[in-house]
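> here's my sequence, what's the structure:
(one chain, ligands or ions: 1)
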Amino acid sequence: MTTVLQNDLLIRAALSQPTERPPVWMMRQAGRFMPEYWEIKNKYSFLEMCKTPEIAADVTMLPVDLLGIDAAILFSDILVTAEAMGGDLSFEQGVGPRFSNPIRSLADVEQLSVDCLDKLQYVAEAIKVIQQRLDGRIPLIGFAGAPFTILSYLVEGGSSKDFKQTKLLLNNEPAMAHLILQKIADVTVEYLNMQVDAGVNALQLFDSWALALSWNDYREFAHRYNHYILSKIKRSVPVISFCKGSSVFAPIMAEANPDVISVDWNADLKNIKQSLPEGIAVQGNLDPFVLYADKKVIKTKILDLFERMRGENGFIFNLGHGIMPDIPFDNVKYAVDVIKEYR
Ligand code: CP3
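Alright, predicted model coming up:
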């Protein structure tokens, strides 16, 4: 089913075509900073929310209806692929994601299933429900976690500050790391293609923790698999490549041939854009902490970024990373309004 989009700003910007103003969406736009999110969250566990298409659709629609952003992003999590592969995943309040069976040996790696798309069908169902509700108003972004970032959760057993176990594996057992990464990459290709078939209008690959890697390790353990994924998936929709560390790794990320590179807040966005090959758009890169500040500061910092990017095709407004749960909703709404008034 292809519906003509009423607001296709995101798609045009992703394809480096002219737009009346830059489109806006925000990573983690459906989440705990919204009181309406809590009304749902108090009734179900996070994984129940992800796995029940009607609920996932309800949450996906919250920022569409309450913020008026230019793109919806599927409500799910990057770790659902790791769960489908055999990771015993739970999300505990205040703790974050946990795998009770972290990978410790080659036997654990062999246990990881690559034939698990059937376990992710609920995501295809959610996409269909969301597209019915969106009814062509704005595009829907699908996503997956990138192999390195997913590996880090499977190996650490959860979030990590220093990625010690992950780096020990990369350094001491690189062959084993490659086995894991290839399995995740193969699942991710099938998973993203399933999302395209179900009707998403764009894709984002999240390599959130690539920042932890050195230049050479980024190339060997992250880029190589992201490149593989981007070369194998259906490229009928634009693909956004995100990592924390993109200020440094953007030249390597570009070699994987994404349509858009999503940039963290360290770099000057225009300098990054101009350093990239023609036709690669950028997304970013307001420091999300700005959204805690006074409204006049929020406005000034957004306008500074927009003036810096004036005249550049291929610019999507986003944050350098996700919205924090305690950012005032009113400030986020204000930021969206400032952007939508910009000409
Ligand atoms: O952006 C969106 O609004 C769409 C939904 C989405 C979620 N997670 C919902 C979520 C997306 C795109 C993600 C991606 C994700 N998940 C990433 C990559 C983006 C990034 O921030 O770098 C990562 C690293 C994860 C893993 C993950 N999931 C962590 C570390 C946590 C716990 C941290 C936290 O904020 O509590 C989650 C849980 C999670 N994913 C929540 C939401 C709304 C919070 C669940 C809750 O309500 O308790």
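
> just the CA trace of stretch 288-297, in PDB.
Provided in PDB are the C-alpha atoms of stretch 288-297 (Å, rounded to 0.1, in the frame of the first residue of the first chain):
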ATOM      1  CA  PRO A 288      19.200  17.800  24.100                       C
ATOM      2  CA  PHE A 289      20.200  19.600  27.400                       C
ATOM      3  CA  VAL A 290      19.200  22.900  25.700                       C
ATOM      4  CA  LEU A 291      15.600  21.700  26.200                       C
ATOM      5  CA  TYR A 292      15.900  22.100  29.900                       C
ATOM      6  CA  ALA A 293      16.800  25.800  29.500                       C
ATOM      7  CA  ASP A 294      14.700  29.000  29.400                       C
ATOM      8  CA  LYS A 295      12.500  29.300  26.300                       C
ATOM      9  CA  LYS A 296      14.500  32.300  25.000                       C
ATOM     10  CA  VAL A 297      17.700  30.200  25.100                       C
END
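
> mind listing what the residue of the chain found nearest the ligand touches?
Nearest residue of the chain to the ligand: S208, at 3.1 Å (C-beta to the nearest ligand atom). C-beta here means a position set from N, CA and C on the backbone, and glycine is covered the same way. Contacts for S208 (C-beta atoms under 8 Å, 6 or more residues apart in numbering) come out as 78, 145, 149, 242-244, 321.

> most neighbours of all the residues you listed, which one?
Most neighbours among these, by other C-beta atoms under 10 Å: C243, with 29 neighbours.

> read off the pLDDT value for it.
Here, the pLDDT recorded for C243 equals 96.

> got the phi and psi for it?
phi -150, psi 150 (degrees, to the nearest 10).

> likewise for D77?
For D77, the backbone dihedrals (degrees, to the nearest 10) come out as phi -150, psi 150.

> for it, which non-adjacent residue is spatially closest?
C50 (6.0 Å; C-beta to C-beta, 6 or more residues apart in numbering).

> which SSE is that neighbour in?
helix 46-51 (DSSP states H and E).

> flag every buried residue along that helix.
47, 49-51 (16 or more other C-beta atoms under 10 Å).

> hmm, back to that, among the contacts of S208, which are within reach of the ligand?
Restricting those to those near the ligand by C-beta under 6 Å from any ligand atom leaves 78, 321.

> the residue nearest to D77 and S152: what is the separation?
As for C50, its distance to S152 is 20 Å (criterion: C-beta to C-beta, to the nearest Å).

> contact residues of the stretch 101-250 of the chain facing the ligand?
Applying C-beta under 6 Å from any ligand atom, we find that the stretch 101-250 of the chain lies next to the ligand at 143, 159, 206, 208.
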